[in-house]
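Novice: got a structure for you, letters missing:
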């Protein structure tokens, strides 16, 4: 397996605050890699830096050997990177169908876009039922499905997911994670940030634990599940 996404010695500063301090991690093609840690550990900052929303103070981020720190976000989408942000960030005044169209803005292949939309509606039948509904009137779970569906419309090769279970009822959390599992089985590469460490480790191949801007522990999901410190801090054991 080759590393699709490679981060080396990443530093991010917000003024005097050194938020990310020398983080190195990689995501191999076809893997689900999870980044877990407490609120404020810097997980979202890492995703925002990968996506070009936050500027790095040092280090490197490469997608298949291409330097992302010198790439603008719209180019990243064309390179196959998509981001499902924390809080979903759907276009709340547009319909479900229009939101999906926005996800394909960088594509020109009309037949491909049409086929992708059919696939999204197959994957999320509830969105098909609500395709003409204003997105802001959807439930939290439906909005999360729409955020994932919109990202998939860009035909990504790697998906960055930030807290997909946040604010959702347990039954919907299971549904969202079964969707992530299905995406993994289809060959999509995923970097997942998730507060629910148990759910994250149940689906990940490997994981990193982030503590105050540094990687504290890394290993396979099974190794982290068995790690006493991880169990105490994040798995309620």
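Specialist: Perfect, thanks for sending it. Keep in mind that what you see is a predicted model, and the values were worked out from it rather than measured.

Novice: need the helix or strand of the protein with the lowest average pLDDT.
Specialist: helix 73-79 (a mean of 88; mean pLDDT, DSSP states H and E).

Novice: Buried residues, it. List them.
Specialist: The neighbour-count check on helix 73-79 (16 or more other Cβ atoms under 10 Å) flags 76, 77, 79 as buried. Any C-beta I mention is one placed from the backbone N, CA and C, and that applies to glycine too.

Novice: what does stretch 89-97 give?
Specialist: Across stretch 89-97, burial judged by 16+ other Cβ under 10 Å covers 90, 91, 96, 97.

Novice: Then stretch 128-137?
Specialist: So for stretch 128-137, counting by 16+ other Cβ under 10 Å, buried means 130, 135.

Novice: Check the separation of the first and last residues in that stretch.
Specialist: End-to-end distance of stretch 128-137 (Cα to Cα, to the nearest Å): 15 Å.

Novice: Name the nearest of the buried residues of helix 73-79 relative to residue 119.
Specialist: Nearest to residue 119 among the buried residues of helix 73-79, counting by Cβ to Cβ, is residue 77 at 18.0 Å.

Novice: Now do the closest one against residue 200, distance only.
Specialist: Applying Cβ to Cβ, to the nearest Å, the value for residue 77 to residue 200 is 25 Å.

Novice: just to revisit the earlier point, taking the buried residues of stretch 89-97 together, which two end up most distant?
Specialist: Farthest-apart pair in the buried residues of stretch 89-97 is 90 and 97; separation 12.3 Å (Cβ to Cβ).

Novice: What is the neighbour count of the spatially closest residue to residue 153 that is not a sequence neighbour?
Specialist: Using Cβ to Cβ, 6 or more residues apart in numbering and skipping residues adjacent in sequence, the residue nearest residue 153 is residue 103, 3.1 Å away. Number of residues near residue 103 (other Cβ atoms under 10 Å) recorded here: 25.

Novice: From residue 156, how far off is residue 103?
Specialist: Residue 103 is 10 Å from residue 156, by Cβ to Cβ.

Novice: who touches both of these two?
Specialist: Between them, residue 103 and residue 156 share these contacting residues under Cβ atoms under 8 Å, 6 or more residues apart in numbering: residue 82.

Novice: Pretty sure residue 144 sits against residue 168.
Specialist: Yes - if you go by Cβ atoms under 8 Å, residue 144 and residue 168 touch, sitting 6.6 Å apart.

Novice: Of those two, which one has the most company?
Specialist: Between residue 144 and residue 168, counting by other Cβ under 10 Å, residue 144 is the more crowded of the two (28 against 19).

Novice: Run the chain-centre distance for the host helix or strand of that one.
Specialist: Following DSSP states H and E, one finds residue 144 within helix 140-152. Per Cα atoms, centre = their mean, to the nearest Å, the displacement of helix 140-152 from the mean C-alpha position of its chain is 12 Å.

Novice: Walk me through which strands the helix or strand that contains residue 209 pairs with, and which way each runs.
Specialist: Per DSSP H and E, residue 209 falls inside strand 206-211. When pairing is defined by DSSP bridges, strand 206-211 lines up against strand 32-36 (parallel), strand 214-220 (antiparallel).

Novice: partners of the spatially most central residue of the chain in the sheet?
Specialist: Among the residues of the chain, the one closest to the centroid is residue 161, at 1.5 Å (Cα atoms, centre = their mean). Beta-bridge partners recorded for residue 161 (DSSP bridges): residue 84, residue 192.

Novice: Count the residues that sit near residue 111.
Specialist: When neighbours are defined as other Cβ under 10 Å, residue 111 has 7 of them.

Novice: Going along the chain, name the helices of this structure.
Specialist: When assigned using DSSP state H, the helices of the chain occupy the ranges 43-50, 73-79, 96-103, 110-123, 125-129, 140-152, 170-185, 197-203, 221-226, 228-234.
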